[in-house]
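Trainee: coordinates only, sequence not included:
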């Protein structure tokens, strides 16, 4: 079974940029799409973006579409999340997961979640 792993998290200052990566181990992505989510302490897991592993087509949450960009590496089972103009409220654990079925913006539509990577934005 394909497992996903996030990387690239860390501590940044407000206004900085950061790029996260999501890698499939054990083979290629086994889904037509990969989603990025985040979860802050005490809050629900929030959908950010879904990206097609076939075409690279993206679908963003309105809350991040102006600052976050998802991309994929052709020929590799890696997708990225580029975050710009970061804010303290972006502080969360960021997750990637493979799409299975249902609406792209729902947590329950995804499986094979990674362990997450912590992103902390200081003011």
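Mentor: Perfect, thanks for sending it. Quick caveat: nothing in here was measured; it's all calculated off a predicted structure.
Trainee: quick one, strands of the protein?
Mentor: Ranges of strands in the chain, per DSSP state E, are 3-7, 10-13, 18-25, 33-39, 46-52, 58-60, 68-72, 78-83, 92-99, 110-111, 117-122.
Trainee: the residue nearest the centre of the chain pairs with what?
Mentor: Nearest to the geometric centre of the chain sits residue 36, at 2.5 Å (CA atoms, centre = their mean). Following DSSP bridges, residue 36 is listed with bridge partners residue 49, residue 96.
Trainee: present the strands of the chain as JSON lines; the columns should include mean pLDDT.
Mentor: Putting the strands of the chain into JSON lines (pLDDT from 0 to 100) gives the following:
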{"stretch": "strand 3-7", "mean pLDDT": "95"}
{"stretch": "strand 10-13", "mean pLDDT": "98"}
{"stretch": "strand 18-25", "mean pLDDT": "95"}
{"stretch": "strand 33-39", "mean pLDDT": "98"}
{"stretch": "strand 46-52", "mean pLDDT": "97"}
{"stretch": "strand 58-60", "mean pLDDT": "97"}
{"stretch": "strand 68-72", "mean pLDDT": "97"}
{"stretch": "strand 78-83", "mean pLDDT": "97"}
{"stretch": "strand 92-99", "mean pLDDT": "98"}
{"stretch": "strand 110-111", "mean pLDDT": "96"}
{"stretch": "strand 117-122", "mean pLDDT": "98"}
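Trainee: about what we covered before: am I right that the residue nearest to the centre of the chain is in contact with residue 46?
Mentor: No. Applying CB atoms under 8 Å, one finds residue 36 not in contact with residue 46, separated by 9.7 Å. C-betas here are computed from N, CA, C, even on glycine.
Trainee: for residue 103, give me its contacts.
Mentor: Shown in contact with residue 103 (CB atoms under 8 Å, 6 or more residues apart in numbering): residue 109.
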